[in-house]
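A.B. asks: based on what follows, work out the 3D shape:
(one chain, ligands or ions: 1)
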Amino acid sequence: MTRALLIVDIQNDFCEGGTHAVPGGTRVAAGVTRYLTGNRHRYSEIVAIRDYHYPDPGGGTEPEPHCVLGTPGVEFHPDLNLGSVVPIFEKGGDHPAFSAFEGSRDGVMLVDWLRAQQVTEVDVVGLATDLCVRATVLDAMSAGFRAHVLLSLTAGMTPQSTARALAEMRQAGAVLVEGTSDSTEEKVATP
Ligand SMILES: [Zn+2]
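C.D. replies: This next block holds a predicted model:
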């Protein structure tokens, strides 16, 4: 088993104060930083995913502008410290993109890159549980990866949509993990 950590969309616009803020986003940014300091060894690969969009000249492709290139909103949150150079995959551009698996780096799609590294299992953290984390997890499983969601390192837009997303991910076969320390790693969340 070769495991990758996928860090999804921990950017200013998805954290408190951003244009598309997820309640708890800043907490997640700091939490992932702490998690990385103690758990880097668990992963053969650590990947960050970044949403971005071109400035909308009035075409209205994005109902709520976010992560516009050239604005602070597109930057990773300052509380997210990736610690060392990690590959960054980018998604979006001129269209809405939720799943990390829509992301590419130097023209290589995330799924192909993960397969090239012999990754078979992914842990997913980041924002938002009910949008991009959900889409990432469902795509991961469709592509044949085992997927774990580290719940304490995610945050959703609303409790209702988050509960729905968690049920959907579990239904699809994802493992929802409460806690992130070694001792709680295998303590699977109950419905
Ligand atoms: Zn977007």
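A.B. asks: for the protein, what lies in contact range of the ion?
C.D. replies: With the criterion set to C-beta under 5 Å from the ion, the chain comes near the ion through 51, 92. (C-beta placed from N, C-alpha, C; glycine too.)
A.B. asks: what segments of the chain are helices?
C.D. replies: For the chain, the helices defined by DSSP state H occupy 25-39, 110-116, 134-142, 159-171.
A.B. asks: ok, and what's touching the last one?
C.D. replies: It refers to helix 159-171. Applying C-beta atoms under 8 Å, 6 or more residues apart in numbering, the contact partners of helix 159-171 are 129-131, 133-134, 137-138, 147, 149, 151, 156, 176, 189, 191.
A.B. asks: what's around the closest residue to Thr136 other than its chain neighbours, how many residues?
C.D. replies: If the residues on either side of it in the chain are set aside, Thr136 comes closest to Ala100, at 4.2 Å by C-beta to C-beta, 6 or more residues apart in numbering. Look at Ala100: counted by other C-beta atoms under 10 Å, it has 30 neighbours.
A.B. asks: who's in contact with Ala100?
C.D. replies: When contacts are counted by C-beta under 8 Å, 6+ apart, Ala100 touches 6, 8, 47, 49, 89, 91, 110, 124, 132, 135-136, 139.
A.B. asks: the strands in this structure, which residues?
C.D. replies: Remark: strands assigned in the chain by DSSP state E are 3-8, 45-53, 88-93, 104-105, 108-109, 121-127, 146-155, 175-177.
A.B. asks: how far does the second one sit from its chain's centre?
C.D. replies: Distance of strand 45-53 from the chain centroid (C-alpha atoms, centre = their mean, to the nearest Å) equals 7 Å.
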